[in-house]
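*Asks:* A predicted structure for the sequence below; I have some questions about it.
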Amino acid sequence: MTRPRPVPFAIPQFFILVAALALAGCELLQPQPETIPPRSQPAAPPPVVRAPRAPAAAPEPDRPGLTLPDYQKEVATAMVRANADATFRGKLPPLLRSVVVLQVSIGKEGMPSRVTLFRSNGFADLEKSAIAAVYRAAPYPIPGRSLLAGHSSITFTESFLFRNDGRFQVRTVAEEQSTEVEPKPRAGRKPACCEPSGQKK
């Protein structure tokens, strides 16, 4: 008797498809490794630009041996030179119209820092003329570190000697004053220059 051959077991394709989908689903459900972006390197700080150091202040110029009377003479000479149209030369008249005394302060750079009226006999126009003459002659020679002796300026008095026409001399460099007063001619008498030669007086 012939035995029947075993029929091979056939897996339905439906089950194969289901199994394939299940495997695919498992792969999808597995956690994926997190992608961490690379950390950006911190930006390099900008280079520090340091301002160049200011050069050391030069020491104030000095004029060793300069005395106050010497400096006053330099200042007075500069005043006369800058005000040539307002001054006069020659001996001072025995009688002056006005004497204006100013207190003058000169700074370390030779500029007048303060000019004040110290004494006058009341002619306002001549007072203004004297003060203007001081400023007109600036800048003056520098006084120097030794003469300043740590102060910002040097102060002294200067006199302006005005004659009748309004012109002046600066006392520090003024010429000597005449002591002779010109006599006035007598009334009714001609000056000696106008008398005929040989005429007896």
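*Replies:* Perfect, thanks for sending it.

*Asks:* And for stretch 104-122, what's in contact with it?
*Replies:* Under the contact criterion Cβ atoms under 8 Å, 6 or more residues apart in numbering, stretch 104-122 has outside partners 60, 75, 98-103, 126-127, 131, 134-135, 138-143, 145, 148, 152-158. Using the backbone N, CA and C atoms, a C-beta is placed for each residue, glycine as well.

*Asks:* Tell me where this protein has strands.
*Replies:* 98-107, 112-119, 153-162, 168-170 (DSSP state E).

*Asks:* For this protein, give me the ranges with low pLDDT.
*Replies:* 1-43, 49, 51, 54-59, 181-201 (pLDDT under 70).

*Asks:* Sketch out the helices for it, chain order is fine.
*Replies:* Secondary structure of the chain, counting by DSSP state H: helices at 13-29, 68-82, 124-136, 145-148.

*Asks:* Mind listing what's buried along the second one?
*Replies:* The neighbour-count check on helix 68-82 (16 or more other Cβ atoms under 10 Å) flags Y71, Q72, E74, V75, A76, T77, A78, M79, V80, A82 as buried.

*Asks:* Over to the shortest one?
*Replies:* Using 16+ other Cβ under 10 Å as the test for burial, helix 145-148 gives L147, L148.

*Asks:* could I get it in CSV with only the CA atoms?
*Replies:* In CSV, the C-alpha atoms belonging to helix 145-148 read as follows (Å, rounded to 0.1, in the frame of the first residue of the first chain):
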residue,chain,number,x,y,z
ARG,A,145,61.3,128.7,36.4
SER,A,146,63.7,130.1,38.9
LEU,A,147,62.2,133.6,38.8
LEU,A,148,58.6,132.2,39.1
